[in-house]
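Visitor: how would this look folded up:
(one chain, ligands or ions: 2)
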Amino acid sequence: MREITCRLLIIGSGPGGYVCALRAGQLGIDTVLVEEARLGGTCLTVGCIPSKALIHAADEFHRTRHPGPGVRITGASFDLPEAMAWKDGIVDQLSSGVGTLLRKAKVRLIHGRADLRDGKTAVVAGDDPVTIRCETLVIATGSEPATLPALPFGGDILSSTEALALTEVPARLAVVGGGYIGLELGMAYAKLGSTVTVVETAPRILPAWDADLTTPLMSALDRLGVRVLTGSLAQGFSGGALSVLKDGAEDRVGADKVLVTVGRRPRSTAAGIAGLGLATDGPFLRIDGACRTSMTGVYAIGDVTGEPMLAHRAMAQGEMVAELVAGHARTWDHRAMPAVCFTDPEIVSVGLLPDQAAARGPVKVASFPFGVNGRALTENRFEGFVRVVADGDGREILGIQAVGSGVSELAGEFSLALEMGATLADIAATIHAHPTRGEVLHEASLRALGRTLHL
Ligand SMILES: Cc1cc2nc3c(=O)[nH]c(=O)nc-3n(C[C@H](O)[C@H](O)[C@H](O)COP(=O)(O)OP(=O)(O)OC[C@H]3O[C@@H](n4cnc5c(N)ncnc54)[C@H](O)[C@@H]3O)c2cc1C
Ligand SMILES: NC(=O)c1ccc[n+]([C@@H]2O[C@H](COP(=O)([O-])OP(=O)(O)OC[C@H]3O[C@@H](n4cnc5c(N)ncnc54)[C@H](O)[C@@H]3O)[C@@H](O)[C@H]2O)c1
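Guide: Ligands and ions are numbered 1, 2, ... in the order given. The predicted model follows:
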C-alpha cells in the first residue's frame, strides 16, 4: 500500500473541511483532504445550495400564479425536471469550483473513504489504497438525516436528499418535523402545487425561536393552504396515509410522499472515529473554543461538533483551525453567528433573543414594522419587522432579529453590528440608503432610543 505523509489531514470536504483546506493551503501548510463523495459536502451538494435553488424556482412560479399589481399571466406551468436540471448545474459548477480552488491552494485531494487507525493515521481503501500519516488531524465528517424508526427512509418516505431530486411535484406531501428543512422545502412544494401538511411534535413550529418571529410565517403558511399540526406525533405511513397522534386521538393525513426532517445526526462514530475514544457531548464530538478535541493534535469542526449545524459556522471554524495550525493566535465570536430560515417570509436571528437577554439583566427591546417602510410597500411585501435587543442603557446591542421578505440579506449587517460591539447610537448614526429594507433596522434602533421618526 502506498504511504504518504502530510502536516495536516482533513477528513471531509463540506464547508468546514474545504474552507479549512483552502486556508491551510494559503498559509503554506502541507495539506491532504480526503472526500468519499462530491466536493462541497452536504451544504453544496444536497443542502443549502440545491434547496435555495428549488425555493427560488418555486417562488418564481408562485409569483406567476399570484402576480403583482397590473400584471396578468395566463397559462403558467412548471417543469420540475427542467428546474432540477438547472439546480444540478449550479451544484456541478460550485462543486468543480471547489476542486479548482483546492488545486490552486496546492491541497492534495484523495478521493475515497478515510478510515482512521489512530489520531495521526488514516487508510483510504479502493483501487489505489493509501495510508496517510499526519501531524495534525481535522475531523470534518458532517452529518446525515436523522431517522425515525416508524418512518424508515425508502420508497415514498423521503429525506431532504430525495426531496431535492423529485421528478414530479407530489399531489399530497406530508412533512414530519416543522424545523428549518421541513418548512423551507414544505413551503417550496406548496408553492409548486402540493397539498402540504406539516406534523410537528413541539407546541410551535421552529420551537427554538420566539412566537413573535414565527407568527408571520404561520400566517403565510395558512395563506398557502399548508396545514400545520403541532403537538403531534407521526406514527407510521401506510395505504397512502400518515397516521398522526394528536391529543390522544389518531388522525390520518393523506399523503403521496412523506418528507422526514426531524434533525440531523453527526457522523461521529464511523470512519474509525469511535476507535479514537474522543470525549463526546451526546452524539457530537466535544470541542473547546479552539475546536480541539480531547486528543492532542486532533481538531473537529462543523456539524460533527454540534449545534447550530450551519454551513457558516463550519466555515468559520475551518478557517480558524487552519490559522491555529499555522501558529496564529485566533478565536471566533460565537455571539455574532447568524441563523437564517429561508422560508417566505424569511427569519433571521443574530445574538440573543429578548428572553435570553432579559435573563442576564435589564434590556431594551424595540421593533419596527416593514408595514411603514417605503421599499417594502413598493415591493408589495410588507409583513414582519426588525427587532433590536440591547442592554439596559443601550450601550451594547445584544441581539437583532427580523422576519420579512428578503431579510436574509440583512443578516450580514446584523452580524457586523454584534461583531463590532455596536451601540444603538452607532446604528442610529449610520446612514441607511433610502428606500431600502435596512432602514427598518435604523428605525428600530431610533425607537429603542425613544426617538423614532417614522412611527
Ligand atoms: C436540505 C438542507 C438545507 C440546508 N440549508 C442550509 C442553509 O441554508 N444554511 C446553512 O448554514 N446550513 C444549511 N444546511 C446545513 C449545512 O448543510 C451543514 O451545516 C453543513 O453542510 C455542515 O458542514 P460540514 O463541513 O460540517 O459537513 P458536511 O457538509 O456534512 O460535509 C461532510 C463531508 O465529509 C465527507 N465524509 C464523511 N465521512 C467521510 C470519510 N470517512 N471519508 C471521507 N469523507 C467523508 C462527506 O461525504 C461530506 O462530503 C442545510 C442542510 C440541509 C440538509
Ligand atoms: N436555513 C438554514 O440555515 C438551514 C436550512 C436547512 C437545514 N439547516 C440545518 O440542518 C439541520 C437539520 O434540519 P431539520 O429541519 O431536519 O432539523 P431542525 O432541528 O431544524 O427541525 C426538526 C424539527 O423536527 C421536530 N421533531 C423532532 N422529532 C419529531 C417527530 N418525531 N415528529 C415530528 N416532529 C419532530 C423538532 O421539534 C424540530 O422542530 C438544522 O438544525 C439546521 O442546523 C439549516
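Visitor: I'd like the distance between the nearest residue to G289 once chain neighbours are set aside and A211.
Guide: Closest residue in space to G289, ignoring its immediate chain neighbours: T331 at 6.6 Å, by C-beta to C-beta, 6 or more residues apart in numbering. Backbone N, C-alpha and C define where each C-beta goes, glycine included. Plainly put, T331 is 34 Å away from A211 if you go by C-beta to C-beta, to the nearest Å.
Visitor: still on that earlier bit, so what's the residue nearest to G289 up against?
Guide: Contacts for T331 (C-beta atoms under 8 Å, 6 or more residues apart in numbering) come out as 289-290, 320.
Visitor: Run a quick neighbour tally on the nearest residue in space to G406 that is not next to it in sequence.
Guide: Nearest residue to G406, sequence neighbours excluded (C-beta to C-beta, 6+ apart): R437, at 6.3 Å. The burial count assigned to R437 is 24, neighbours taken as other C-beta atoms under 10 Å.
Visitor: Let's verify R437: helix, strand, or coil?
Guide: The three-state label given to R437 by DSSP: H, G, I helix; E, B strand; the rest coil is coil.
Visitor: Please look at it and N373 and confirm they touch.
Guide: Yes - with contacts counted by C-beta atoms under 8 Å, R437 reaches N373, the gap being 6.4 Å.
Visitor: got the residue ranges for the strands in the stretch 151-300 of the chain?
Guide: Ranges of strands within the stretch 151-300 of the chain are 157-158, 172-176, 195-199, 227-229, 232-238, 241-246, 249-254, 257-260, 264-266, 280-281, 284-285, 298-300, based on DSSP state E, counting those that start in this stretch.
Visitor: closest to G394 out of those strands?
Guide: In terms of C-beta to C-beta, the element of those nearest to G394 is strand 280-281, at 35.7 Å.
Visitor: strands paired with that closest one, and their directions?
Guide: Here strand 280-281 is paired, per DSSP bridges, with strand 284-285 (antiparallel).
Visitor: Could you pull up the mean pLDDT of the partner strand?
Guide: If you average the pLDDT over strand 284-285, you get 98.
Visitor: and that strand, anywhere near ligand 2?
Guide: No - applying C-beta under 6 Å from any ligand atom, one finds strand 284-285 separated from ligand 2 by no less than 12.4 Å.
Visitor: ditto for stretch 404-420
Guide: No - looking at stretch 404-420 against ligand 2 by C-beta under 6 Å from any ligand atom, there are no contacts, and the closest approach is 8.5 Å.
Visitor: Can you give me the buried ones in that stretch?
Guide: Using 16 or more other C-beta atoms under 10 Å as the test for burial, stretch 404-420 gives 404-408, 410-411, 413-415, 417-418.
Visitor: and of those, the nearest to D127?
Guide: S408 (43.1 Å).
Visitor: show me what contacts that closest one?
Guide: 340, 342, 346, 348.
Visitor: Pick out the most distant pair among the residues you listed.
Guide: F342 and V348 (10.0 Å).
Visitor: Between the two, which is the more surrounded one?
Guide: Higher neighbour count among F342 and V348: V348, with 24 against 19, using other C-beta under 10 Å.
Visitor: If I follow the layout properly, that one ends up in contact with V407?
Guide: Yes - at 5.0 Å, V348 counts as touching V407 under the criterion of C-beta under 8 Å.
Visitor: In contact with F342, which residues?
Guide: So F342 contacts 51-52, 55, 184, 408 (C-beta under 8 Å, 6+ apart).
Visitor: which parts of the stretch 101-250 of the chain sit against ligand 1?
Guide: Counting by C-beta under 6 Å from any ligand atom, the stretch 101-250 of the chain comes close to ligand 1 at 113-114, 140-143, 160, 181.
Visitor: now with 8 Å?
Guide: Proximity of the stretch 101-250 of the chain to ligand 1, by C-beta under 8 Å from any ligand atom, involves residues 112-116, 124, 140-145, 160-161, 163-164, 180-181, 184-185.
Visitor: Would you show me how to pick out the buried ones of these in PyMOL?
Guide: Buried members of these, defined by 16+ other C-beta under 10 Å, are picked up in PyMOL with:
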select buried, resi 112+113+114+115+116+124+140+141+142+143+144+145+160+163+164+180+181+184+185
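Visitor: from the residues of the stretch 101-250 of the chain next to ligand 1, which ones fall inside helices?
Guide: 160-161, 163, 180-181, 184-185 (DSSP state H).
Visitor: Tell me where the chain has helices.
Guide: 15-26, 41-46, 48-65, 80-104, 160-163, 180-191, 211-224, 273-276, 311-325, 354-358, 374-378, 411-419, 424-429, 439-448.
Visitor: quick revisit: would you format the ones in helices among the residues of the stretch 101-250 of the chain next to ligand 1 as JSON lines with pLDDT included?
Guide: As requested, those are arranged in JSON lines below (pLDDT from 0 to 100):
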{"residue": "S160", "pLDDT": "98"}
{"residue": "T161", "pLDDT": "98"}
{"residue": "A163", "pLDDT": "98"}
{"residue": "Y180", "pLDDT": "97"}
{"residue": "I181", "pLDDT": "98"}
{"residue": "E184", "pLDDT": "98"}
{"residue": "L185", "pLDDT": "98"}
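Visitor: Residue nearest the middle of this protein, spatially speaking?
Guide: L310 (4.5 Å; C-alpha atoms, centre = their mean).
Visitor: which residue sits closest to it, ignoring its sequence neighbours?
Guide: A339 (6.6 Å).
Visitor: my guess is the one you found meets M309, correct?
Guide: No - using C-beta under 8 Å, A339 makes no contact with M309, being 10.4 Å away.
Visitor: what bridges to the nearest residue to D251 once chain neighbours are set aside?
Guide: Leaving aside its sequence neighbours, D251 sits nearest to V244 (C-beta to C-beta, 6+ apart; 4.6 Å). Applying DSSP bridges to V244 yields these beta-bridge partners: A234, D251.
Visitor: now V244: how far from ligand 2?
Guide: 9 Å (C-beta to the nearest ligand atom, to the nearest Å).
Visitor: before we move on, what about R313?
Guide: Here the distance between R313 and ligand 2 works out to 9 Å (C-beta to the nearest ligand atom).
Visitor: go on, L224?
Guide: From L224 to ligand 2 the distance is 18 Å (C-beta to the nearest ligand atom).
Visitor: Can you tell me which residue of the stretch 101-250 of the chain sits closest to ligand 1?
Guide: Residue nearest to ligand 1 within the stretch 101-250 of the chain (C-beta to the nearest ligand atom): G142, separated by 2.0 Å.
Visitor: returning to that earlier point: among the contacts of T331, name the buried ones.
Guide: By neighbour count, with 16+ other C-beta under 10 Å, the contacts of T331 hold M320 as buried.
Visitor: Closest one to Y189 out of the contacts of T331, please.
Guide: The closest of those to Y189 turns out to be M320 (C-beta to C-beta; 37.3 Å).
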